[in-house]
Every structure is written in C-alpha cells, then in structure tokens.
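**Q** Need coordinates for the following:
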Amino acid sequence: MMNKTNKKWIRWIGALALLGVCLGLVVPDLAGAAAPTRRADFNHLKTGFPLTGAHIQVPCTTCHVGGIFKGTPTQCANCHIQGSRIATTAKPAKHVPTNESCDVCHRSTATWAGARFPHTTVTPGSCANCHNNVMAQGKMPNHIFTTQACDQCHRAFAWVPAGYNHAGVTPGTCATCHGVNATGKPANHVVTSLSCDQCHRTMAWLPARFGHMGVTAGQCYNCHRPGGSTAAPSGHYSSTVCDACHSTTVWSPVTRYTHTSPYFKTHGAGAVCRDCHTTNNDFVSWSYVAYKPDCAGCHAGRYLMEKHLKTESPLSYYTVAELKDCAGSCHFTKADGSTLLRTAKHRPTSGW
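**A** Residues are numbered from 1 along each chain as shown. Predicted structure coming up:
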C-alpha cells in the first residue's frame, strides 16, 4: 500500500505532466500567430493567384486577415486602395489620373518603379495634364522654347529621339535654339556667318548643301582645307585654287580647267590629269625634248616600229621622227610597187 507521501508525489508529477502537455499545445499556436509559416507542401498556384515578386515575402496573414481565406481579393486595385482591409500600399494622391488596373502599367510585383503607361487612350495634345513635373516628368527648364504639345515632337515610348516639326519656324532663326538649348554648330565647323538652314535641312544635319554664290573666286581654301570642309587629298598634284578646276556643284569630273600651253592637245575621256601630271606640279616637262612640240615629245617611248611598215621590199619601217606628229595618215609601199594609204589610228582624242 502506498503511504501518504508517495501519493502526494504522484499527484505533483501528474500535474506537471498535464502542464507540459498544455504548454506543448499552446506555445506552437502563439509562435504561429506571431510569425506564421507557409506550408512547404502547399502550391499557391492552385488558388489561381501565383505568388511572385514581393508577394512571396509577405506573411500569409497580410492578405488572409484573421485566418480568413475565402473571399481574399485577387485584383490589384481591391487590395491596393485606401481603406482596404489588406494592410498594403495604396495608390498615392498625386498618382497620374487613370482608371486602368495597376498591372496595365506596373508590370512587376517586386517594385512599383519602372511603370510603363500605355498612351493609346490619351487625347492628342493633352500631355501636359500629366506631364507637369508633379504627376509625371515634364518639360525641363532648358527645354527648347515652344508652346506645342509634347506629342508634336516626342513619342509615347520614349522622350528621345524627338522629331521636331520645323514647319512653323521662321527661316534664318535657327540659332535661337541651335546653340542655346539644341545641338549647335561644332567647334570645327566651316567658318560661316550664314544661318543653319542655308546649308542644312530640317530632317537631318547631313548631307549639307552650301550655296557658293556669295563666295569670292579663288577663296575656296578658306573652307576646303584640313580640319575644315572637304579638302584636297594627300598627293593632290596641283597647287592651283580649287575653282580653277572644280565646279561648286561637284568635285569630279574636272571640267573647268583650261590648259594654257599652246602645245596641249585635247585627249580622250580615258586620260586623267595624273597621267601627265605625275608629280605635284602644274607644269609637265617634255619626256623626249628632241621631238617637242609634237606628240612624240611625250609618247616616243610607246612607239612600236614593227607596227609602222614603210616598204615591203626591201623591208623597212618608219622612224619616230617621221611620224612624230601622229596627225595624219601614212603610206607604205607594197612589194609590187603600189602605194597603199593606211588609215591613221592615232588621234589626240582617241586616247591611243
């Protein structure tokens, strides 16, 4: 039989055991209420609302207030609204006015930043209603002066590039914007006091067309020099002023130069200046002085004697001296004593 002391200890042990069971049941509930954990085996996608971005990190009770699952909103605006029972960020008072749902502009659930507003329903010309530097970025302090609506130059997908409509700009007033708060004349620009639109067009800076009407003859090098506009290439043979040879409409072909030598013969189209002017010199020396001023003075080295038969019997050929001017026809005597007039093949315009 148990004595009274043993019975007393048994009752204490039973009481402590019961308390331990109670504590084991209660403590997990308290911990869960303070920091509830998501079941690892639960797939939230089955609810029709996949958890992405910031939604992955929030405790369940942020959305399921009081442990109520049924009726939890799945649309952004039903949670992100002033007075919502869901403790989350609401649309600020200075938000761009719109009736579109949040996810039309805010494509990420991780951050509000990086929103892209579709401008398809915006009335043309009403940009400043939002782009007023309060609700959305607007015109910068150094913006080109204009009273036109933003969408006259800018596109809905980006501020730049902007295509400015110059239709209403007074000719000759380019410098009121270009060089002040728009792209201006670069430091290495051709020296000129003319207005931009005398050479450039409103759709692009290049290509530019310069009007040479007011340029003094012989002054081309003031602009056409290294570091300026198009200049003579390295090794250019002539030191003569540009407009002595070139026209103001195109560099080539060279059509304006007139040879001053009385011995010059007009050559064919196949001949170019450097064929004769092989050095950087306007003057060409006779290659074969003995034959000047005839063709052979330059071309004697190209003379082929066997091509210029004089008599068949006895066999003989013309010399360079006999045909030095290449100007007309030559005869050759056949073996039977008859003379045949050979049609001349060389002319100054034939290019040989």
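
**Q** Mind listing what's buried along stretch 308-317?
**A** By neighbour count with 16 or more other CB atoms under 10 Å, stretch 308-317 contains the buried residues 308-311. In short, each C-beta sits where N, CA and C put it, glycine included.

**Q** Narrow the residues you listed to those in strands?
**A** 309-311 (DSSP state E).

**Q** can you tell me how far residue 250 sits from residue 194?
**A** 21 Å (CB to CB, to the nearest Å).

**Q** which of the two has more neighbours?
**A** For residue 250 and residue 194, the more surrounded residue by other CB atoms under 10 Å is residue 194, and the numbers stand at 12 against 9.

**Q** For that one, list the residues it contacts.
**A** residue 211 (CB atoms under 8 Å, 6 or more residues apart in numbering).

**Q** Surely it is within a strand?
**A** No - assessed by DSSP: H, G, I helix; E, B strand; the rest coil, residue 194 does not belong to a strand; its assignment is coil.

**Q** Show the average pLDDT along stretch 330-350.
**A** Stretch 330-350 carries an average pLDDT of 79.

**Q** gap between the two ends of stretch 59-70?
**A** Stretch 59-70 stretches 17 Å from its first residue to its last (CA to CA, to the nearest Å).

**Q** Oops, could you answer that again for stretch 254-262 instead?
**A** End to end - CA to CA - stretch 254-262 spans 20 Å.

**Q** what's the answer for stretch 144-159, then?
**A** Across stretch 144-159, first to last residue, CA to CA, it's 14 Å.

**Q** Now tell me what touches that stretch from outside.
**A** Residues from elsewhere that reach stretch 144-159 (CB under 8 Å, 6+ apart): 118-119, 122, 124-128, 131, 138-139, 160, 162-165, 176-177, 181-182.

**Q** at 7 Å what do you get?
**A** 119, 124-125, 127-128, 131, 162-165, 177, 181-182 (CB atoms under 7 Å, 6 or more residues apart in numbering).

**Q** Buried ones in stretch 142-150, by neighbour count?
**A** Within stretch 142-150, the residues scored as buried using 16+ other CB under 10 Å are 144, 150.

**Q** cool, stretch 284-302 as well?
**A** 284, 288, 291, 294-300.

**Q** Residue 196: neighbour count?
**A** 21.

**Q** Quick check: closest non-adjacent residue to it.
**A** Distance criterion CB to CB, 6 or more residues apart in numbering; nearest residue to residue 196, sequence neighbours excluded, is residue 174 at 3.7 Å.

**Q** I'd guessed that neighbour sits against residue 195; true?
**A** Yes - at 5.5 Å, residue 174 and residue 195 qualify as touching, with contact defined as CB atoms under 7 Å.

**Q** Which one's more surrounded, these two?
**A** residue 174 (20 against 14).

**Q** can you tell me which residues contact the more buried one?
**A** Contacts of residue 174 (CB under 7 Å, 6+ apart): 195-197.

**Q** Point out where the protein drops to low pLDDT.
**A** Low-confidence segments of the chain, defined by pLDDT under 70: 1-40, 87, 227-228, 344, 347-352.

**Q** if you set the cut-off to 50 instead, what comes out?
**A** 1-2, 9-10, 12-36 (pLDDT under 50).

**Q** how long is stretch 203-211 end to end?
**A** By CA to CA, one end of stretch 203-211 lies 18 Å from the other end.

**Q** Measure how far that stretch is from the centre of its chain, please.
**A** 17 Å (CA atoms, centre = their mean, to the nearest Å).

**Q** what comes into contact with it?
**A** 198-200.
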